[in-house]
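Undergrad: Need coordinates for the below:
(one chain, ligands or ions: 2)
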Amino acid sequence: MILQRKILNNNIYRNFSTFNYNNAVNHSVIPIIDIKQFKYGSDQTRQSIANEIYNVGKNIGFMYIKNSEIDVKLKTKTLEYNQWLFNLPIQKKQLFAQTDQNIRGYYRFQGVGYGEQLVIDDETGHAKSIDENNNNHEIEDVIEAFLVGNDHQKPWVLKKDYYEQRYGKNQSSRFKWLPNCQPNQWPATEPSENGFENDDTLTENDLKVAKAFRNHMNHYFDVCSQTASTIVSAIALSLALPLNHFDHFHSKNDHTMELKHYKPSTNTNKNNKVRMNEHADLSTLTLLIQNKGTDGLQLWNQSEWIDAPFLDDAILVNTGDVMERLSNGQYKSTKHRVVMNNQKSHLSRYSTVFFYVPNWEKEITNSDLMGDLIPFS
Ligand SMILES: O=C(O)CCC(=O)C(=O)O
Ligand SMILES: [Fe+2]
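TA: Ligands and ions are numbered 1, 2, ... in the order given. Now for the predicted structure:
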């Protein structure tokens, strides 16, 4: 079995569309785990943190991680840059937008029915979806996103050769979305960069900030990768495996990060309107930070939605489909969504989401799974 990341059609998610929307329970039962204790504690402390994480994975699938390298300062700076990017005028954002050839960069989608084709009027910023009968539907809720991968790799050439050799040219069409994993597209850091030559409004300062943005996001990507790796080793310990058991799956740092901006709504009667549909992540692990004051993230726990509010000194981490598989179902991949509430519908929501995923060529076979509990066919 090969694990594909479904990043075609703007889709890194597994989608569920048949849930009842209950109002979320207004208290947080999401455990807070101190990862520093795992990193630097005694063997006994490490084991007890690993046990805590095991309970998280078994029961709720989401946890707050505190005292990681992603401290308050790094979170705040990342979200400031996130906001800076989406505040650029649309004409500038289009210069590093996704194309048919490259899914990395800037794009917009509707979180409620993502994957849908959207037409956006750049003058007004209003979006329309077009149904199969060619009727237009005005859409108010639009998510802007910016997708980046590991900036140190130029991966597609390798991936293309790998899939062609392995599956032949015809079969490799199964992986036809992979050619779209081209190098990252960033706001111009040099005036001579492709596509930016004609932007005569580009100033020295724009270039300077864009450079700082790129450096910062690459740094944040690396820190997330290290933090995820520590958490995954705690998961290994919790399953009575060597700490480095899952390392070889993730050795190439072939991860994906997505910056998001949920645009504010002008309609004030929007309580509990869904901004991003419920889904589970395909990742091994997802690390999420969100801005203060907007909230809206919810996760499904047994029979109710639970709010996952902003916490100043922690990040949110959830185990995804890959970890569910690698642990033979012991770690859950929990559904989650984003909703809007009345008091906050006029606010933008910003999130930066890091998906820790296996190297692109990794296959997960039955021998990688835990014991012989449930072999996957
Ligand atoms: O923006 C958020 O808070 C949620 C995003 C999310 O669940 C995802 O990108 O997978
Ligand atoms: Fe998600």
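Undergrad: Does Val338 fall in a helix, a strand, or a coil region?
TA: Classification of Val338 by DSSP: H, G, I helix; E, B strand; the rest coil places it in strand.
Undergrad: C-terminal to the worst-scoring helix or strand of the chain on mean pLDDT, what's the next element?
TA: Across the helices and strands of the chain, mean confidence by mean pLDDT, DSSP states H and E is lowest for strand 13-15: a mean of 39. Proceeding N to C from strand 13-15, the next assigned helix or strand is strand 32-34, under DSSP states H and E.
Undergrad: mind listing what's buried in the helix or strand that that following strand is followed by?
TA: Elements were assigned by DSSP H and E; along the chain past strand 32-34, the next helix or strand is helix 35-40. Burial within helix 35-40, assessed by neighbour count using 16 or more other C-beta atoms under 10 Å, is assigned to Ile35, Gln37, Phe38, Lys39. No exception for glycine: its C-beta is placed from N, CA and C like everyone else's.
Undergrad: helices and strands around helix 35-40, which ones?
TA: helix 43-59, helix 204-238 (3 or more C-beta pairs under 8 Å, 6 or more residues apart in numbering; DSSP states H and E).
Undergrad: switch the cut-off to 10 Å
TA: helix 43-59, strand 62-66, helix 204-238, strand 314-319 (3 or more C-beta pairs under 10 Å, 6 or more residues apart in numbering; DSSP states H and E).
Undergrad: Return the most buried member of those.
TA: Highest mean neighbour count of these: strand 314-319, a mean of 25 (counted as mean count of other C-beta atoms under 10 Å).
Undergrad: gap between that strand and the chain center?
TA: Relative to its chain's centre, strand 314-319 lies at 11 Å (C-alpha atoms, centre = their mean, to the nearest Å).
Undergrad: ok and the residue in the stretch 251-377 of the chain nearest ligand 1?
TA: Ser351 (3.4 Å; C-beta to the nearest ligand atom).
Undergrad: what's the neighbour count on that residue?
TA: Ser351: 23 surrounding residues under other C-beta atoms under 10 Å.
Undergrad: Over to Ile90?
TA: Here the count is done by other C-beta under 10 Å, and Ile90 has 14 residues near it.
Undergrad: doesn't Phe96 make contact with it?
TA: No: between Ile90 and Phe96 there is no contact under C-beta atoms under 10 Å: 11.8 Å.
Undergrad: Phi, psi for Lys260 please.
TA: Dihedral pair for Lys260: phi -130, psi 150, per degrees, to the nearest 10.
Undergrad: tell me which element Tyr167 is part of?
TA: Following DSSP H and E, the helix or strand that holds Tyr167 is helix 156-171.
Undergrad: For Ser351, give me its contacts.
TA: The neighbours of Ser351, taking C-beta atoms under 10 Å, 6 or more residues apart in numbering as the test, are 79, 82, 143, 145, 258-262, 276, 288-291, 294, 296-297, 316, 338.
Undergrad: follow-up on the earlier one: take the buried residues of helix 35-40 and lay them out in TSV including pLDDT and distance to ligand 1.
TA: Output for the buried residues of helix 35-40, formatted as TSV (pLDDT from 0 to 100; distance: C-beta to the nearest ligand atom, whole Å):
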residue	pLDDT	distance to ligand 1
Ile35	98	21
Gln37	97	27
Phe38	97	25
Lys39	95	26
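Undergrad: How about the residues of this protein by ligand 1?
TA: Within the chain, the positions adjacent to ligand 1 are Tyr13, Glu258, Lys260, Met276, Asp281, Leu288, Gln290, Leu297, His336, Val338, Ser351, Val353 by C-beta under 6 Å from any ligand atom.
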